[in-house]
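**Q** My questions concern the predicted model and sequence given below.
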Amino acid sequence: MFDKVVVLSDGYPIYSGNAGRVMDYLGSVGFVPGFNFVNPADFLLDLAN
């Protein structure tokens, strides 16, 4: 398990912080997955690309 994560898109950080809070943060800024059961790693990859 990772404690911290950095997500980059085109070389710019879109999230840096606690890995357990990344989905809550992204939801708070409007990035919500289209369905309830999503793998967070897959969601982050889709978001960053």
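**A** It's in.

**Q** And for the residue nearest to the spatial centre of the chain, nearest residue in space, chain neighbours not counted?
**A** Note on the chain: the residue nearest the mean C-alpha position is L44, at 4.2 Å, using CA atoms, centre = their mean. Spatially, and ignoring its direct neighbours in sequence, L44 is nearest to V7 (5.4 Å; CB to CB, 6 or more residues apart in numbering). All C-beta spots, glycine's among them, are computed from the backbone N, C-alpha and C.

**Q** Export only the CA atoms of the host helix or strand of that neighbour, formatted as CSV.
**A** V7 belongs to strand 4-9 when assigned by DSSP states H and E. Taking Å, rounded to 0.1, in the frame of the first residue of the first chain, the C-alpha atoms of strand 4-9 are listed here in CSV:
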residue,chain,number,x,y,z
LYS,A,4,1.2,9.2,-0.4
VAL,A,5,0.5,9.6,-4.1
VAL,A,6,1.3,12.3,-6.7
VAL,A,7,-0.8,12.3,-9.9
LEU,A,8,0.5,14.3,-12.9
SER,A,9,-1.3,15.3,-16.1
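
**Q** State the mean pLDDT of it.
**A** Averaging pLDDT along strand 4-9 gives 93.

**Q** Which neighbouring elements make contact with it?
**A** Contacts defined by 3 or more CB pairs under 8 Å, 6 or more residues apart in numbering; DSSP states H and E place strand 4-9 against strand 12-18, helix 40-48.

**Q** Now render those as CSV, adding mean pLDDT and distance to S28.
**A** Output for those, formatted as CSV (pLDDT from 0 to 100; distance: least, CB to CB, whole Å):
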stretch, mean pLDDT, distance to S28
strand 12-18, 95, 11
helix 40-48, 90, 14
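
**Q** Same list (the ones you listed) but as TSV, adding distance to V29.
**A** Below are those laid out as TSV (distance: least, CB to CB, whole Å):
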stretch	distance to V29
strand 12-18	9
helix 40-48	11
